[in-house]
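Peer 1: I'll drop the sequence and a predicted model, then ask my questions.
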Amino acid sequence: VQLVESGGDPVQPGGSLRLSCAASGFTFSSYYMSWVRHIPGKGLEWVSSINSGGGNTYYADSVKGRFTISRDNAKNTLYLQMNSLKPEDTALYYCARDPTGGRGSPNEYDHWGQGTQVTVSS
């Protein structure tokens, strides 16, 4: 199993970024997938999840209305569109495979990427 994130960059407040996560080594379309971020000094924070077919999405209150999770099962790729970025969104963003079918917490996710850094600053 391999998960490779990309798309992180420095960006000004109010800006947008799209993160991607390329998956390989497993049947991507069979799994819920999630984005989790690590904020220095605060630890891990679950951001968003999507079911295997892509029809159901879930968001943390802190990003609801600004972030959109999606997936392309034909391309084995997970996305996170981030709009109206705030300095408090600065974090290392990970994609992770959720083997619990959306019922678990990040400490139950079984495979993680290496992360991509998002820095929101003027």
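Peer 2: Thanks, I have the structure now.

Peer 1: Shouldn't residue 88 be within a helix?
Peer 2: Yes - membership of residue 88 in a helix is supported by DSSP: H, G, I helix; E, B strand; the rest coil.

Peer 1: What count of nearby residues applies to it?
Peer 2: 11 (other Cβ atoms under 10 Å). For every residue, glycine as well, the C-beta is placed using N, CA and C.

Peer 1: Contact partners for it?
Peer 2: Listed by Cβ atoms under 8 Å, 6 or more residues apart in numbering, the contact partners of residue 88 are 39, 62, 120.

Peer 1: Select from those every entry located in strands.
Peer 2: 39, 120 (DSSP state E).

Peer 1: Quick one, which of the contacts of residue 88 are buried?
Peer 2: residue 120 (16 or more other Cβ atoms under 10 Å).

Peer 1: What pairs with the helix or strand encompassing residue 96, parallel or antiparallel?
Peer 2: Using DSSP states H and E, residue 96 sits in strand 91-98. If you go by DSSP bridges, strand 91-98 pairs up with strand 32-39 (antiparallel), strand 111-112 (antiparallel), strand 116-120 (antiparallel).

Peer 1: Could you tell me how far it lies from the centre of the chain?
Peer 2: Taking the mean C-alpha point of strand 91-98 and that of its whole chain, the gap between them comes to 5 Å (Cα atoms, centre = their mean, to the nearest Å).

Peer 1: What lies in contact with that strand?
Peer 2: By Cβ under 8 Å, 6+ apart, strand 91-98 touches 1, 3, 5, 8, 19, 21, 23, 26, 31-40, 45, 47, 49, 78, 80, 104, 106, 108-118.
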